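Asker: sequence and predicted model, in that order:
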Amino acid sequence: MKYQKRKKALILLADGTIFHGKSIGKEGTAFGEVCFNTGTTGYQEIFTDPSYYGQLMVTTNAHIGNYGTKADESESDAIKISGLICKNFSFHYSRPDGDKSLEEFLDDNNLLAISDVDTRALVSHIRDHGAMNAVISTEVENVEGLKKQLSEVPSMEGLELASQVSTKEPYCYGDENATYKIAALDIGIKKNILRNLSKRDAYIKVFPYNSKFEDLEAFKPDGYFLSNGPGDPEPLLEAQAVAKEIIKRDLPLFGICLGYQVIALANGISTYKMHNGHRGINHPVKNLLTTKGEITSQNHGFAINREETENHPDIEITHVHLNDHTVAGIKLKNKNCFSVQYHPEASPGPNDSVYLFDQFIQNMKKN
Ligand SMILES: NC(=O)CC[C@H](N)C(=O)O
């Protein structure tokens, strides 16, 4: 039924370029930074990953929706991207244990999505011209009005978004009789991180983004965790202060993605906005400690300054991205703190890097 109601839609980029498509169900207008993910699978996990808050997602896979959705495969309580742009949208799904079509899932979340877009041309345009804001809309006659509204959307650079997705109240996850207790700072945490920690005999208390070190410490944890999340890491001063306190006391600390960037900033290393981020499930990383390669899941638009990291007396680079040699992992020399720019919890993606969760458990054990 919805199919018959499909309306003409457009994507207007901040540089004035326009692409055309059709709406999936909902009509309206949505803004965000346009970015693309090259994963061939994992759309439900991507759409519900809080790290993507404020972004319009272009999926480069030719088909989206063909295996439906399943309630326990979401990475948070709701869809977090601000809009979807794709090529072929499957209204029908054929996975026997799927419980909803992607169309219904988008509808439940009131998400604006457009398909039949020349996503190859769009992606090569963004790839050449860099990440930028955009608007998607079914108001195809109102280009001038959309341009004006788009010019008022803040740039991702300098934008603090963790507060928009973090839990309002602390909560616990896992078995309270587990061997290890972990205090996790939620600056946009994905569920599969909690599953991975809990599966390794840990009980986790998750704290709001603006918590103090003392709030986390009161839980008497064996280790501390700084999560992934959306936006620019630089304005996250409270999280950086928490990281500094943990590092000062040399307590076991593990950080993923936004949490990794926060750890770098807490050590005086600056971050910068990349021309285009890394978003996909087959990013090659070299582990410099083992010299082994890892195929990793990635989703970031900021990176840490390589030169400052190389010249830092207390920091060792442990992982490097093999496509562009950006820093992908660091550890503090002779300390209990390590972190990575990518996603060892996968969801979606390969599990080559899950050993990092074991490493964190070992660090707690030794401590
Ligand atoms: N996945 C993440 O934690 C992303 C971190 C940060 N928002 C970035 O884009 O670089």
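Answerer: The structure has been received and is ready for your questions. This one's a predicted model, so the numbers in the text were calculated from it and none came from an experiment.

Asker: which positions in the stretch 201-350 of the chain make contact with the ligand?
Answerer: Within reach of the ligand by CB under 6 Å from any ligand atom, the stretch 201-350 of the chain has these residues: N228, G229, P230, G231, C257, L258, G277, N299, H300, G301, F302. (Each C-beta comes from the backbone N, C-alpha and C, glycine too.)

Asker: widest-spaced pair of the residues you listed?
Answerer: Using CB to CB, these span at most 14.0 Å, a distance reached by G229 and G277.

Asker: which one of those two has more residues nearby?
Answerer: Remark: of G229 and G277, G229 carries more neighbours, 31 against 20, as counted by other CB atoms under 10 Å.

Asker: where does the closest residue in space to N305 that isn't next to it in sequence fall, phi/psi-wise?
Answerer: Closest residue in space to N305, ignoring its immediate chain neighbours: S270 at 4.8 Å, by CB to CB, 6 or more residues apart in numbering. S270 adopts backbone torsions of phi -90, psi 160, taken as degrees, to the nearest 10.

Asker: contact partners for S270?
Answerer: By CB atoms under 8 Å, 6 or more residues apart in numbering, the contact list for S270 reads E234, I304, N305, E308.

Asker: turn the residues you listed into JSON lines, columns for pLDDT, secondary structure and distance to G130.
Answerer: Below are the contacts of S270 laid out as JSON lines (pLDDT from 0 to 100; DSSP: H, G, I helix; E, B strand; the rest coil; distance: CB to CB, whole Å):
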{"residue": "E234", "pLDDT": "98", "secondary structure": "coil", "distance to G130": "19"}
{"residue": "I304", "pLDDT": "98", "secondary structure": "strand", "distance to G130": "19"}
{"residue": "N305", "pLDDT": "98", "secondary structure": "coil", "distance to G130": "18"}
{"residue": "E308", "pLDDT": "98", "secondary structure": "helix", "distance to G130": "22"}
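
Asker: out of these, which is most surrounded?
Answerer: Ranked by neighbour count (other CB under 10 Å), the contacts of S270 have I304 at the top, with 25 neighbours.

Asker: read off the pLDDT value for the spatially closest residue to that one that is not a sequence neighbour.
Answerer: In this structure, I304 finds its nearest non-sequential neighbour in A264, 4.2 Å apart by CB to CB, 6+ apart. At A264, the predicted lDDT confidence score is 98.

Asker: what strand or helix carries A264?
Answerer: helix 258-266 (DSSP states H and E).

Asker: now swap in Y224 and tell me
Answerer: Per DSSP H and E, Y224 falls inside strand 223-226.

Asker: could you point out which element follows that strand?
Answerer: Going down the chain from strand 223-226, the next helix or strand is helix 237-248, by DSSP H and E.

Asker: which helices and strands does the helix or strand following that next one pack with?
Answerer: Going down the chain from helix 237-248, the next helix or strand is strand 253-256, by DSSP H and E. Helices and strands in packing contact with strand 253-256 are listed as strand 223-226, helix 237-248, helix 258-266, strand 337-340, helix 355-366; criterion 3 or more CB pairs under 8 Å, 6 or more residues apart in numbering; DSSP states H and E.

Asker: which SSE is immediately downstream of the third one?
Answerer: Put plainly, it is helix 258-266. As assigned by DSSP H and E, the chain's next helix or strand after helix 258-266 is strand 271-287.

Asker: for E104, see how far away the residue sitting nearest the centre point of the chain is.
Answerer: Central residue of the chain (CA atoms, centre = their mean): S51, 3.1 Å from the mean position. Separation of S51 from E104 (CB to CB, to the nearest Å) stands at 24 Å.

Asker: need the helices for the chain, in chain order.
Answerer: Assigned by DSSP state H, the helices in the chain fall at 43-47, 102-108, 119-129, 143-151, 162-165, 191-199, 213-217, 237-248, 258-266, 306-310, 355-366.

Asker: now for the helix holding A264, which elements pack on it?
Answerer: When contacts are defined as 3+ CB pairs under 8 Å, 6+ apart, helix 258-266 packs onto strand 223-226, helix 237-248, strand 253-256, strand 271-287, strand 293-304, strand 327-332, strand 337-340.
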